[in-house]
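# Build me a model from this:
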Amino acid sequence: MKFLVIIFGIAVSIFMHGSGLSVDSKWWWDLLLSFNVKALSENLGMVVFCFWIHLPLMIIFSLACALIINRVGYPRYFIYSVLGTSFFTFVVLPSLPVFDVLLAGGMSPLRFIDIFVKTLMFLTLFFVFNILVKKFNRLNLLD
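Modelled structure (predicted):
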């Protein structure tokens with residue numbers, strides 16, 4: 001079962017850093033722009049932007065992952081596999097000479113901010129939802 005949890009963590013990490021969890025809705029963008037995000041500094045504005053476009057679907061995705069991992073068990077293996085896959089994909093592979101040539105110079109600051117925000121947001125939401133699911137299970141609300 002540990003092997004399946006590790007494979008699930010690798011798949012989650014790959015899916016999480018793709019474009020499948022971004023919201024492309026005019027209403028959602030207008031709501032962001034109503035908060036006057038343009039007044040923020042460039043890097044902080046990028047963090048808020050990355051956070052905002054991934055927030056709704058990341059909540060649903062991390063809740064689903066927390067429910068699955070809580071049923072199966074081994075949350076540490078899941079978290080380690082998500083972190084390990086992200087680290088290997090975005091730190092180790094680009095530092096290798098072959099991939100440095102293929103990726104044409106490495107990672108831009110915008111891509112680094114996007115990866116960091118997605119990983120931090122997912123792990124924080126997963127941790128919170130995992131605790132909530134455990135508390136609901138103790139109260140027998142999810143059985």
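
# what ranges do the helices span in this protein?
Along the chain, counting by DSSP state H, helices occupy 2-16, 26-33, 42-72, 75-87, 93-95, 97-102, 109-138.

# avg pLDDT for the fifth one?
When you say that, I think you mean helix 93-95. Looking at helix 93-95 alone, the average pLDDT works out to 75.

# same question, the last one
Mean per-residue pLDDT for helix 109-138: 88.

# in that helix, what counts as buried?
Taking 16 or more other Cβ atoms under 10 Å as the neighbour-count basis, helix 109-138 is seen to contain the buried residues 113-115, 117-119, 121-123, 125-126, 129-130, 133. Backbone N, C-alpha and C define where each C-beta goes, glycine included.

# Helix 75-87 and that one, what's the angle between them?
Interaxial angle of helix 109-138 relative to helix 75-87 (axes from the mean of the first three to the mean of the last three Cα atoms, to 10 degrees): 170 degrees.

# and helix 109-138, what does it pack onto?
Using 3 or more Cβ pairs under 8 Å, 6 or more residues apart in numbering; DSSP states H and E as the contact criterion, the secondary-structure elements in contact with helix 109-138 are helix 2-16, helix 42-72, helix 75-87.

# Could you dump the ones you listed into a markdown table and include distance to Trp27, mean pLDDT and mean neighbour count?
Rendered in a markdown table, the data for the helices and strands packed on helix 109-138 read as follows (distance: least, Cβ to Cβ, whole Å; pLDDT from 0 to 100; neighbours: other Cβ atoms under 10 Å):
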| stretch | distance to Trp27 | mean pLDDT | mean neighbour count |
| --- | --- | --- | --- |
| helix 2-16 | 24 | 91 | 17 |
| helix 42-72 | 11 | 88 | 16 |
| helix 75-87 | 31 | 92 | 18 |
